[in-house]
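Asks: Got a predicted structure here, sequence first:
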Amino acid sequence: MQWNIGFYDLLSALYARLTTDSVTSAYRIYDEVPETVAFPFVHISGPYGVRSTNFSAQDRFSENHIVTIDIFSDYAGNKECAEMMSAVSQAVSGTPLTVTGYNVPLVLIDLFDILIDASAPTHVVRHGIIRYRFHLEPTT
C-alpha cells in the first residue's frame with residue numbers, strides 16, 4: 001500500500017470548515033497572512049506549523065497531525081479572542097471533519113492559550129492559540 005501524507009488534505013478540510021461555518025465564516029481566515037491585515041483574524045497552522053507523524057502498524061496505515069490555529073485580536077481585553085477561540089473550536093469539533101481520502105476517528109484539543117503580544121508599535125495584540133491533534137486513517 002502506498003502511503004500518502006494527509007496534512008494538506010487536512011488543512012484544506014479545516015479551511016473549508018472555517019470558511020463555511022455559520023459563525024466562523026464571518027472571520028478573516030488565512031493560510032498565509034497578508035503583510036497588512038485588519039484585526040481580528042484567524043491563521044490556520046500559524047507560527048508553530050503542522051507536525052505529522054506516522055502511526056502505522058504492519059497491517060494498518062495511519063497518521064497523527066498536530067495543527068495550530070491562531071487567533072489574533074486587538075480588542076482591549078481577552079473577550080473577543082476568547083469568543084473567537086470558542087467559535088473556532090465548535091466549528092472544528094462540532095461535526096465530524098471530512099478529509100478527502102481519510103477517516104478522522106479522533107480529534108483532540110491539546111492546548112488553549114491566550115498570549116499578550118506587546119510588539120505591535122501602537123497597541124497590544126491578543127494571540128489565541130488552539131493546538132489540535134488529528135488522527136487520520138486512509139480510506140483505501
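Replies: Received it, and whenever you're ready, just let me know what you need. Numbering: from 1, shown residues only.
Asks: What is the neighbour count of Val125?
Replies: A count of neighbours around Val125, defined by other CB atoms under 10 Å, yields 17. No exception for glycine: its C-beta is placed from N, CA and C like everyone else's.
Asks: what's the closest non-adjacent residue to it?
Replies: Leaving aside its sequence neighbours, Val125 sits nearest to Asp117 (CB to CB, 6 or more residues apart in numbering; 4.4 Å).
Asks: so what's the one you found up against?
Replies: Asp117 makes contact with Val124, Val125, Arg126, His127, according to CB atoms under 8 Å, 6 or more residues apart in numbering.
Asks: got a list of what the last one touches?
Replies: Contacts of His127 were listed using CB under 8 Å, 6+ apart, and they are Asp70, Ile71, Phe72, Cys81, Ile114, Leu115, Ile116, Asp117.
Asks: now do the same end-to-end measure for stretch 65-81.
Replies: Taking CA to CA, to the nearest Å, stretch 65-81 runs 24 Å from one end to the other.
Asks: So what touches it?
Replies: Contacts for stretch 65-81 (CB under 8 Å, 6+ apart): 6-7, 10-11, 14, 39-53, 84-85, 88, 92, 110, 114, 120, 123-134, 136.
Asks: residues touching Glu137, list them.
Replies: By CB under 8 Å, 6+ apart, Glu137 lies in contact with Arg60, Phe61, Ser62, Glu63, Tyr102, Asn103, Pro105.
Asks: Neighbour count for those residues - can I get that in a markdown table?
Replies: Shown next, in a markdown table, are these (neighbours: other CB atoms under 10 Å):
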| residue | neighbour count |
| --- | --- |
| Arg60 | 10 |
| Phe61 | 17 |
| Ser62 | 19 |
| Glu63 | 21 |
| Tyr102 | 22 |
| Asn103 | 14 |
| Pro105 | 11 |
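Asks: No more questions from me, cheers.
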